[in-house]
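**Q** Just the structure for this:
(chains A and B)
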Amino acid sequence: MSVVAAPRPVGVDLQENEETRAIVEAIEADNDDLTVRHMPGIVRLTKEGQLVINQESVEGRLGRPWETHEFQLAMISYFGEFVEWDDDRIVIAWKH
Amino acid sequence: MTVPTQKPARKLTMQQRYAALTHDLDWDPTYVAEEEIYPFTTFEGIKVHDWSKWEDPFRLTVEAYNKYQAEKDRRLYAVLDGFAQSQGQLSLTEGRYMNAMKIFLQGIPSGEYQAHRNFSHLARYFNGPGARFASLCQSMDELRHAQTEIHTLSHYNKYFGGMHDWNKMSDRVWYLSVPKSFFDDAGTAGPFEWLIAIGFSFEYLLTNLLFVPFMSGAAFNGDLPTMTFGFSAQSDESRHMTLGLEGIKFMLEQDEDNLPIVQAWLDKWFWRGYRLIALVAGMMDYMLPKRVMSWKEAFELYFEEQMLNGLFKDLEYYGIKPPRHVQWAIDEKEILSHQVYWVLYQFSHAAAFTTTIPNEEDQAWLESAYPETWPVFKSVVWDKAQRVVDSGGRYFNPGLPQLCQICQIPMGFTEPGNPLVQCQRHSIYEGERYDFCSDGCQWIFDREPEKYVQAWLPVHQIYQGNCGGPTLPDVAVWYGLEPGDAGEYIGSMDHQDWLKWHASSIKEG
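**A** Numbers count the residues shown, from 1 in each chain, chains lettered A, B, ... in the order given. Predicted structure coming up:
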């Protein structure tokens, strides 16, 4: 008998500023059922299961090349694990 | 002239670049034994079979690290300049807000510097290149944090008391022995314990509670530099969290014998870190004129939801259980900030910050955030303090408090489930009695009494004659306190200055 763990929320806290807005929009477009919470200076994005940041979506909204490393400039904190951080996308999820 | 017909080499992927520029630069020693090069990674009992299994998900290289850190600093220093030029200190919500930043400056940069030193030790002495490189990045980050904190707050030092001798104070003043002894404790442990202590328990489990709500609070109180510094630092923190998480998982995956060692460290360092950030609880709920969220709410969001319901479910896979005294922390969330601030209030005549009774607006907020516990504390504590003020006085505790042997916080915490009965535990070791604020601190002592009997307890040191002299004014001089640093906020030099600056701006406007 296999037991499937209920998906648990993962999330990321980003700085709320002009450049991050494009990233937030990209994440909103690429992740269904995303919860967005605004606090002074911070926007907090949480989602059950996994959260994906796609380079292409961000670039499309920023209108310039964007390396996934640049996500570090926007990020204040996260919970979950970076199960993938590549040139084309970043994935946050729990491994177990 | 001929044009080269060769195609340019295909660009390496992030994964290939990381592998080529970190792991591939390592080599196996041939004429020196590995234990001679890395002598500190066996005595703690942690077994490692394959260091190459250590992965850094950020896949940073020196080039990428420098590029993004330089950009973070450029952004921060642009903000600091603009704030100074525009006389930003005038647009803080209130002058008393700065008391929270005084505690921050006195307590945190020296801790960052200690972290810098210890991570540079790991960067040299871990056997694996992945672990060494991640530690090197964190070491440089921590130095950057110490420097940027000092630079950020230096502007306020021109206008407010309590910030002039933060470095001396962090070595000497009673409440600052709380963070100092915490880092001393971690730094005198072995490299793996340090990684669980700071990398995992502090960075991953708890620093969100220090930086995120607090820096959002700075944003809400007009403190642009602190907000910008805090978020800049916290963006490094995400990497530090990852190092801590990679570290604990690496140890657990390498050998199942590591599990009990790691669990015991986790139990210890959760409680040590949690007691340390109790100071943050008092600052958040009582020292910010405008609040984003209460300590209780932050604890629920950043600890209970993210860690207990997220992370620890993940670590269950390896056999890790939630920290031993976590229930005590959960039970305290309703009362922690009240108790900490009351300690700060009654001893602020011997501190480099000022305090005051929560005003009407503060009280309304406290009532809404803590509907069950605030009314009790108000009637037991603050109504009495107010009566003293109404009759022309100000309550300061004339004695010196007993300190917990482990966390070094004055014994002001209470029994679980009974916020009106002070909690006191003690253990006897080699014929001497040692006292503790909680089961958590007592448990830590009982595991390693030979370490903690050496604690430098500020109150004991005063009584032993090591702090400048026998009277409070002697000790205050030795602490580096100057007129206007300590005591009650209302009527203080900071308060008078604040009123003066704003009165003149009204006149001139």
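
**Q** all contacts plus neighbour counts: C-alpha atoms, from now on.
**A** OK.

**Q** From chain A, how far out is the closest residue to B:His49 other than its chain neighbours?
**A** Distances taken as Cα to Cα, 6 or more residues apart in numbering or on different chains place B:Gln254 nearest to B:His49, at 6.2 Å, with adjacent residues excluded. The gap separating B:Gln254 from chain A is 17 Å, by Cα to the nearest Cα, to the nearest Å.

**Q** what's the neighbour count on B:Gln254?
**A** Residues lying near B:Gln254 (other Cα atoms under 10 Å in any protein chain shown) number 18.

**Q** show me the residues around it that make contact.
**A** B:Lys47, B:Val48, B:His49, B:Asp50 (Cα atoms under 8 Å, 6 or more residues apart in numbering or on different chains).

**Q** And the pLDDT for B:Thr5?
**A** pLDDT for B:Thr5: 63.

**Q** A:Val4 now?
**A** 47.

**Q** B:Ala503 now?
**A** pLDDT, B:Ala503: 89.

**Q** Just the C-alphas of the strand or helix carrying it, formatted as CSV.
**A** According to DSSP states H and E, B:Ala503 maps onto helix B:493-508. What follows is helix B:493-508, C-alpha atoms only, in CSV (Å, rounded to 0.1, in the frame of the first residue of the first chain):
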residue,chain,number,x,y,z
MET,B,493,17.1,63.8,25.6
ASP,B,494,15.9,61.8,22.6
HIS,B,495,12.3,62.8,23.3
GLN,B,496,13.1,66.4,23.9
ASP,B,497,15.1,66.6,20.7
TRP,B,498,12.3,64.9,18.8
LEU,B,499,9.8,67.5,20.0
LYS,B,500,12.2,70.4,19.3
TRP,B,501,12.9,69.2,15.7
HIS,B,502,9.2,68.9,15.0
ALA,B,503,8.2,72.1,16.7
SER,B,504,10.6,74.1,14.6
SER,B,505,9.4,72.4,11.4
ILE,B,506,5.9,73.5,12.2
LYS,B,507,7.0,77.1,13.0
GLU,B,508,9.1,77.3,9.8
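
**Q** Can stretch B:271-290 be said to contact chain A?
**A** No. Using Cα under 8 Å from any Cα of the partner chain, stretch B:271-290 stays clear of chain A, with a minimum separation of 11.2 Å.

**Q** Chain B against chain A: which residues are in contact?
**A** Counting by Cα under 8 Å from any Cα, the residues of chain B near chain A are B:13-15, B:57-59, B:64, B:68, B:72, B:208, B:212, B:216-217, B:219-220, B:227, B:231-232, B:234-238, B:242, B:292, B:306-307, B:309-311, B:313-315, B:317.

**Q** Please indicate which of these are buried?
**A** Among those, those buried by neighbour count (16 or more other Cα atoms under 10 Å in any protein chain shown) are B:14, B:57-59, B:68, B:72, B:208, B:212, B:216-217, B:219-220, B:227, B:231-232, B:234-238, B:242, B:292, B:306-307, B:310-311, B:313-315.

**Q** re the thing from before, list the buried residues of the helix holding B:Ala503.
**A** B:Met493, B:Asp494, B:His495, B:Trp498.

**Q** Tell me which residues touch the third one, please.
**A** What that stands for is B:His495. B:His495 touches B:Gly95, B:Arg96, B:Tyr489, counting by Cα under 8 Å, 6+ apart.

**Q** Tell me the residues of chain A that contact chain B?
**A** Residues of chain A lying near chain B (Cα under 8 Å from any Cα): A:8-10, A:15, A:39-42, A:69-70, A:72-87, A:94-96.

**Q** Just those: which are in strands?
**A** A:9-10, A:15, A:39, A:42, A:75-79, A:81-85 (DSSP state E).

**Q** Now list the buried members of the residues you listed.
**A** Applying 16+ other Cα under 10 Å to these flags A:9-10, A:15, A:39, A:42, A:75-79, A:81-82, A:85 as buried.

**Q** mind putting those in CSV, pLDDT included?
**A** Shown next, in CSV, are those (pLDDT from 0 to 100):
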residue, pLDDT
A:Pro9, 92
A:Val10, 95
A:Gln15, 91
A:Met39, 87
A:Ile42, 89
A:Met75, 92
A:Ile76, 89
A:Ser77, 89
A:Tyr78, 91
A:Phe79, 91
A:Glu81, 92
A:Phe82, 93
A:Trp85, 92
